[in-house]
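Engineer: Quick one: sequence and predicted model below, then my questions.
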Amino acid sequence: MKRNIHAKSKKHTSKKIRNALRKQLAYVKRDLRYLEQFMNEGYAMTGKDINLYLTIIRLYEWQQYILHSYRNRICVK
């Protein structure tokens, strides 16, 4: 029987957190791609939907920047 070590661990290491964030951002990227396909096929968003869509895009881009930013990493020599 294989144990799920991640579920039983009490401390979430930065590596585990970064991996989880990377996966969640991949899900958001996939969903944004689906929305773009719908819009290319003729789906028209309402005003409120457009504002939400633009906000999600801004947040996604900001989180991508934070995830890949080297300034936020601690280098141990």
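Structural biologist: Sure thing, it's come through. Residues are numbered from 1 along each chain as shown.
Engineer: show me where pLDDT drops low in the chain?
Structural biologist: Along the chain, the model assigns pLDDT under 70 to residues 1-8, 70-77.
Engineer: List the contacts of the residue most central in space within the chain.
Structural biologist: Centroid check for the chain by Cα atoms, centre = their mean gives L25 as the closest residue, at 1.7 Å. L25 makes contacts with Y60, Q63, Q64, L67, as judged by Cβ atoms under 8 Å, 6 or more residues apart in numbering. For the C-beta atoms, the positions are set from N, CA and C on the backbone; glycine is no exception.
Engineer: On the three-state scheme, it is what?
Structural biologist: The three-state label given to L25 by DSSP: H, G, I helix; E, B strand; the rest coil is helix.
Engineer: how close does it get to N51?
Structural biologist: 21 Å (Cβ to Cβ, to the nearest Å).
Engineer: likewise K10?
Structural biologist: 40 Å.
Engineer: that older thread, closest to A44 among the contacts of L25?
Structural biologist: Checking these against A44 by Cβ to Cβ gives Y60 as the nearest, at 21.8 Å.
Engineer: one step back: the contacts of L25 into TSV, with extra columns for neighbour count and distance to E41?
Structural biologist: Listed next are the contacts of L25 as TSV, based on neighbours: other Cβ atoms under 10 Å; distance: Cβ to Cβ, whole Å:
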residue	neighbour count	distance to E41
Y60	15	22
Q63	15	27
Q64	15	26
L67	12	31
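Engineer: any chance of those in CSV, plus distance to Y43?
Structural biologist: Below are the contacts of L25 laid out as CSV (distance: Cβ to Cβ, whole Å):
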residue, distance to Y43
Y60, 19
Q63, 25
Q64, 25
L67, 29
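Engineer: Now, those that are in helices?
Structural biologist: Those of those mapping onto helices are Y60, Q63, Q64, L67, per DSSP state H.
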